[in-house]
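S.K.: Have a look at this prediction, sequence included:
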Amino acid sequence: MTARFRIPNDQARLLFLDRHGLATNTGGPARGADLAGVIRALGFVQIDSINTVERAHHMILSSRRQRYRSANLAPLLERDRQVFEHWTHDASIIPMEFFPHWRLRFRRDAERLRQRWKNWQRHGFEEKFDTVLAQIAKHGPCCSADVGKDEKRSKGGWWDWHPSKTALEYLWRTGQIAVTRREGFRKVYDLTENVIPAATLATRFGEDQTIDWACRAALERLGFGTAGEIAAFWDLVTPAEASRWCARALAAGQIEEVEVGMANGSPPRASFALADLPAQLDKLTEPPARIRILSPFDPALRDRRRALRLFGFDYRIEVFVPQARRKYGYYVFPVIEGTRMIGRIDMKSRRDSETLHVRAFWPERGIALGKGRQARLMAALERTARLSGAAEIAFQKDWLRPPMDG
């Protein structure tokens, strides 16, 4: 039996970060075709409503392009139609050329969501489909506040949506309508044919073609991965489908089995990689030494277990953890320098005073905060302040903390 190609941990981290746009410099205009290229290389950018400093999608893009500003994204979605908004593992901005492959998700979600929401919603949202579609066709784009105005509203969560809002979300998730823009953070919907370019809308792929594309495109962006990690990347194919794809691609010589070194010295993890992996590794260069403050939803950290294996970085969002049980804070940001996760920072944008308030920074164990590293951290904070619209940075007393135990 031929020995598997082994990727040392330092090279594995470098390859993974390179594929996630964190091992290159942050130059570039950060708008138009350049910004679309960043999103295409990542595959998608997760959207999240939490705005402690700036929303997740803006922080993800600014960590790859320092000239990025929050206004740069909307034209790609609303005017140029180079991206569309839909679902991966969560709501995301996705390159427009991937839309034909999302038809597989539309078909699968149609039945899955119908059954799930019938059980949870406790009302006949399916009866509102024609009414909602007719309203959009007649009156144009709408948001959830514009439909079902005679229906009882609730201040509860998504499980208490009124019937027409549920219908609106279902029609979006199944591809019958599309997000044409956001107003504030509220989605505005239109008929799909009014949002998606005609040539893209006319493109069709068979199920096998989409599964092949999804697995290959995921592995390209991961650098290496198990069948489960490949399936989870887009959340578009099932683990069983990804396993079958890996078996076929391996037999055809398109991919190879590799062993990936772990950060804690535990046994290497068996994974798959494209067959040209050694050539890919030869092309890698060390990343800039700059420090970047990442969104908690950064794609490089979405898989928390992978982050722990590769970087020895045990990260958790504590938004839903009761305050008394939080270890770090409500919404704490990971901090990376080169290929090392060096700490996490608790900060908040106080928009009434145009101040970025830094509450605490915890370095990881073994990370010394010398003058050079403190200067790089300050530069990263200044970039974050500009992104959030803050004019100054204020530091809480004793904001530099010792590493946490455990």
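M.R.: Yep, that arrived.

S.K.: distance of the nearest residue to residue 54 once chain neighbours are set aside from residue 286?
M.R.: Nearest residue to residue 54 in three dimensions, chain neighbours excluded: residue 388, at 4.8 Å (CB to CB, 6 or more residues apart in numbering). Glycine gets a C-beta too; all of them are placed from N, C-alpha and C. Applying CB to CB, to the nearest Å, the value for residue 388 to residue 286 is 30 Å.

S.K.: More neighbours: the two, which one.
M.R.: residue 388 (24 against 10; other CB atoms under 10 Å).

S.K.: For that one, give me its contacts.
M.R.: 53, 54, 349, 356 (CB atoms under 8 Å, 6 or more residues apart in numbering).

S.K.: Those in strands, which ones?
M.R.: 349, 356 (DSSP state E).

S.K.: Check the contacts of residue 388 and tell me the two furthest apart.
M.R.: 54 and 356 (10.0 Å; CB to CB).

S.K.: what residues do these two have in common as contacts?
M.R.: 349, 384, 388.

S.K.: what sits against the closest residue to residue 38 other than its chain neighbours?
M.R.: For residue 38, ignoring the flanking residues on the chain, the nearest one in space by CB to CB, 6+ apart is residue 64 at 5.3 Å. Contact partners of residue 64, counting by CB under 8 Å, 6+ apart, are 21, 22, 26, 38, 42.

S.K.: From residue 298, how far off is residue 64?
M.R.: Residue 64 is 10 Å from residue 298, by CB to CB.

S.K.: hmm, back to that, helix, strand, or coil at the residue nearest to residue 38?
M.R.: coil (DSSP: H, G, I helix; E, B strand; the rest coil).

S.K.: Point out where the stretch 101-250 of the chain drops to low pLDDT.
M.R.: 118-123, 153-160 (pLDDT under 70).

S.K.: where do the helices sit along it?
M.R.: Ranges of helices within the stretch 101-250 of the chain are 103-121, 129-139, 163-173, 192-195, 198-202, 207-222, 227-234, 239-251, based on DSSP state H, counting those that start in this stretch.

S.K.: Make CSV out of those helices and add distance to residue 5 and mean neighbour count.
M.R.: Shown next, in CSV, are the helices of the stretch 101-250 of the chain (distance: least, CB to CB, whole Å; neighbours: other CB atoms under 10 Å):
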stretch, distance to residue 5, mean neighbour count
helix 103-121, 32, 15
helix 129-139, 52, 14
helix 163-173, 40, 23
helix 192-195, 44, 16
helix 198-202, 38, 11
helix 207-222, 15, 19
helix 227-234, 18, 22
helix 239-251, 13, 17
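
S.K.: can I get these in CSV with distance to residue 269?
M.R.: Putting the helices of the stretch 101-250 of the chain into CSV (distance: least, CB to CB, whole Å) gives the following:
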stretch, distance to residue 269
helix 103-121, 29
helix 129-139, 46
helix 163-173, 34
helix 192-195, 41
helix 198-202, 38
helix 207-222, 13
helix 227-234, 10
helix 239-251, 15
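
S.K.: Which among the ones you listed is found nearest to residue 293?
M.R.: Closest among the helices of the stretch 101-250 of the chain, using CB to CB: helix 207-222, at 22.2 Å.

S.K.: Could you figure out how far that closest one is turned away from helix 239-251?
M.R.: Angle, helix 207-222 to helix 239-251, by axes from the mean of the first three to the mean of the last three CA atoms, to 10 degrees: 80 degrees.

S.K.: other SSEs contacting helix 207-222?
M.R.: helix 9-19, helix 103-121, helix 227-234, helix 239-251, strand 269-274 (3 or more CB pairs under 8 Å, 6 or more residues apart in numbering; DSSP states H and E).

S.K.: got the angle for it vs helix 103-121?
M.R.: Using the same axes, to 10 degrees: helix 207-222 against helix 103-121 is 90 degrees.

S.K.: Appreciated, that's everything.
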